[in-house]
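> okay, predicted coordinates and the sequence, questions at the end:
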Amino acid sequence: MLKMILELVANALGAVKGWLDWKSSGVGQRKAAEGMVEDAEAAATRRRAEINRAVHEGDEDTVNRIVNGLCVAACVSLALVAGCASPKPAYVAADRHVTCVTNATGAVEYWRVPPLVMEELLNAKVELGELKKELKVKEITK
């Protein structure tokens, strides 16, 4: 009876050791990294969809939060759902406030963007292009 219990414990410990070996192996680490990348891509897709919705529906508050780097919308909504906090206003300086211009039917025609914000957006676009180019060069030279 004691021998059977010891074998059972040894088998359980062997299974745990095998699982830990797999998790620390290259295959386990690659699977974990793939999962992290997929999660990050899904989050980026959700962010792009939210941006797209805000731009096309003329949601000035959301667009101004995004443009001005205020990432409080998700935290505030989570706190409101949990009933832990009241909404805190996000102040945007007048020289950074973007406004939505709509046509007679209410559809968004374009966004009026101050020069300071336009300059930052264009600089970010150029930096992103340079970063993508650098990443391609690094990938080729590996």
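Received, thanks.
> Val63: neighbour count?
Neighbours of Val63 under the rule other C-beta atoms under 10 Å: 20. In this view, the C-beta of every residue, glycine as well, is placed from N, C-alpha and C.
> if I look at the nearest residue to it once chain neighbours are set aside, how far off is Val98?
Spatial nearest neighbour of Val63, chain neighbours left out: Ala54 (5.2 Å); criterion: C-beta to C-beta, 6 or more residues apart in numbering. Separation of Ala54 from Val98 (C-beta to C-beta, to the nearest Å) stands at 11 Å.
> kindly report the same for Leu116.
11 Å.
> these two: who's more crowded?
Ranked by neighbour count (other C-beta under 10 Å), Leu116 and Val98 place Val98 first, with 19 against 11.
> which pLDDT value goes with the more buried one?
Val98 carries a pLDDT value of 86.
> for Cys75, same thing?
Reported pLDDT for Cys75: 45.
> longest helix anywhere in the chain?
Longest helix of the chain, by residue count under DSSP state H: helix 26-57.
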